[in-house]
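Participant: My questions are about this predicted structure, shown below with the sequence.
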Amino acid sequence: MLGGSSIKIFSGTSHPDLAQLIAERVGLSVSKAEITRNSIGEANVRILESVREDDVYIVGTGCGNINASLMELCIMIHACKIASAKRITAVVPLFPYARQDKKDKSRAPITAKLVANMLQKSGCDHLITMDLHASQIQGFFDVPVDNSMPNRLPSCAKRATSIADRLGIDFALFHKERKKANEVSRMVLVGNVTGKIAILVDDMADTCGTLILAAKHLSEAGASRIIGIVTHGILSGNALQAISESALEKLVVTNTIPQQQNAAQCDKIEVIDIGIVLGEVIRRSHYGESISMLFTEVPF
């Protein structure tokens, strides 16, 4: 028990290892729940311990079979809601459908808004996520959203500028034009990288086409070393092979989604555990302490 009401941390099937790391940070074990699927793929959820008047945190992230994981999360939230949990927080490090955050063509859906509605209608009182692809997603919710990222800025350019300022180093920028999603048609480097260590910063690496093209341009511009740092390493398709053959010295990712297999297949992948951060966010949330202070005054 922490404080007045008891805290419970549950895990879906999308990333149980991360849930375990978060629970260890808080000093608890993952609470017991049973999740099965019937012959047609419907999720059956049983919460195996009392959550009455508890502060409940349910860990699920946008990876693997995302649609199944999202439905599973909604069902778990609903199960805890009708079991009289005091507060239910969805801990979703990689927010599903985050890239569908606006109406960019006629009759296109804003699916990130739909996901927000689904979570709230299920009974979610609070969302903890990490490095939202688009900051306006927070506005899709009518409940508190904690976007756990030290540099919560509206664009990667501003994020990179902020990091450069805090480290007292130079900043360069890529201007890119896209043909379509995940495909860049043109990229122009603005800034001098000759003889310097170049650090590429982004929120997400999916097919890694943009990242690898940027690394190629940096190499041609005379950068001595090139390192990529991204929060969400989706690494789909032939991304791992492309990274291995690229000018990148290494690609640093977090474990917002499982990375063991990726790291085993590509020796350029380096994984940072964010369980310690999310665990501290949960502890602070439970006690009503400042979360923004976590990224400005509290070292890890």
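Facilitator: That came through fine.
Participant: got a list of contacts for stretch 227-234?
Facilitator: With C-beta atoms under 8 Å, 6 or more residues apart in numbering as the test, stretch 227-234 has contacts from 63, 93-94, 130-131, 149, 197-206, 211, 215, 248-254, 256-257, 259, 262, 269, 271. Bear in mind the C-beta positions are built from the backbone N, C-alpha and C, glycine included.
Participant: Derive a ChimeraX selection command for the buried subset of those.
Facilitator: Selection of the buried residues among the contacts of stretch 227-234 in ChimeraX, burial being defined by 16 or more other C-beta atoms under 10 Å:
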select :63,93,94,130,131,149,198,199,200,201,202,203,204,205,206,211,215,248,250,251,252,253,254,256,257,259,262,269,271
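Participant: Spatially central residue in the chain, please.
Facilitator: Geometric centre of the chain, nearest residue: residue 94, 3.1 Å, by C-alpha atoms, centre = their mean.
Participant: Distance check, that residue against residue 228.
Facilitator: 17 Å (C-beta to C-beta, to the nearest Å).
Participant: burial measure for residue 242, as a count.
Facilitator: Using other C-beta atoms under 10 Å, the number of residues around residue 242 comes to 17.
Participant: With residue 177 instead?
Facilitator: Other residues near residue 177 number 9, with proximity taken as other C-beta under 10 Å.
Participant: Any figure for the gap between it and residue 210?
Facilitator: Residue 177 is 11 Å from residue 210, by C-beta to C-beta.
Participant: Also residue 268?
Facilitator: For residue 268 relative to residue 210 (C-beta to C-beta), the value is 17 Å.
Participant: And residue 241, by the same measure?
Facilitator: 16 Å.
Participant: What ranges does the stretch 151-300 of the chain have for its helices?
Facilitator: Using DSSP state H, counting those that start in this stretch, the helices found in the stretch 151-300 of the chain span residues 156-167, 209-220, 239-244, 260-265, 275-287.
Participant: tell me the mean pLDDT over the last one?
Facilitator: Read it as helix 275-287. Helix 275-287 comes out with an average pLDDT of 94.
Participant: name the helices or strands packed onto it?
Facilitator: With contacts defined as 3 or more C-beta pairs under 8 Å, 6 or more residues apart in numbering; DSSP states H and E, helix 275-287 has these neighbours: strand 7-11, helix 16-26, strand 87-92, strand 126-129.
Participant: quick one: average confidence on the shortest one?
Facilitator: Here the mean pLDDT over strand 126-129 is 97, rounded to a whole number.
Participant: Report the contact partners of the residue nearest to the centre of the chain.
Facilitator: Contacts for residue 94 (C-beta under 8 Å, 6+ apart) come out as 61-63, 129-130, 232, 256-257.
Participant: From residue 26, how far off is it?
Facilitator: 21 Å.
Participant: Mark out where each domain of this protein begins and ends.
Facilitator: With domains defined by automatic domain parsing, the chain comprises 7-147+275-295, 156-267.
Participant: how far does the last one sit from the chain's center?
Facilitator: The reference is to domain 156-267. Averaging C-alpha positions (C-alpha atoms, centre = their mean, to the nearest Å) puts domain 156-267 17 Å from its chain's average.
Participant: For residue 175, name its beta-bridge partners.
Facilitator: residue 188 (DSSP bridges).
Participant: Likewise for residue 89?
Facilitator: The partner residues for residue 89, given DSSP bridges, come to residue 57, residue 126.
Participant: Near it, how many residues? Count them for me, please.
Facilitator: 26.
Participant: residues in contact with it?
Facilitator: Listed by C-beta under 8 Å, 6+ apart, the contact partners of residue 89 are 55-58, 124-128, 282, 285.
Participant: how does it look with 7 Å?
Facilitator: Residue 89 is in contact with 56-57, 125-126, 128, 285, counting by C-beta atoms under 7 Å, 6 or more residues apart in numbering.
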